[in-house]
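[1] Kindly return the folded structure for what I paste below:
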Amino acid sequence: MSKKIGVGIIGCGTIADVYMTNLTKHCKNVELLAVADLYEEKARQAAPCLIWAPTT
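    Numbering: from 1, shown residues only. Reported below is the predicted structural model:
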């Protein structure tokens, strides 16, 4: 079993969407653990890509 690599994305704009999609679909040893953006709403919109669902 290979180890998983935890990744966080800073900035949740259009380019981040491309990276998050590619990471979650094509990189089996990568887990998207965190997203951050200056605008809270953008980070919340990106949150469903995380391996866990935020509670707040």
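
[2] so which strand or helix has the residue nearest the centre of the chain?
    Nearest to the geometric centre of the chain sits residue 32, at 4.3 Å (CA atoms, centre = their mean). When elements are assigned from DSSP states H and E, residue 32 belongs to strand 30-36.

[3] circling back to that earlier point, please verify my assumption that the residue nearest to the centre of the chain contacts residue 51.
    Yes: here residue 32 reaches residue 51: they are 6.3 Å apart, a contact under CB atoms under 8 Å. The way it works is simple: take the backbone N, C-alpha and C, and place the C-beta from them, glycine included.

[4] Pull out the buried residues from the helix or strand bottoming out on mean pLDDT in the chain.
    Least confident helix or strand, the chain: helix 14-26 with a mean of 87, by mean pLDDT, DSSP states H and E. Of the residues in helix 14-26, those buried by neighbour count under the rule 16 or more other CB atoms under 10 Å are 16, 20, 23, 24.

[5] which residue sits closest to the third one, ignoring its sequence neighbours?
    Right, residue 23. residue 30 (5.1 Å; CB to CB, 6 or more residues apart in numbering).
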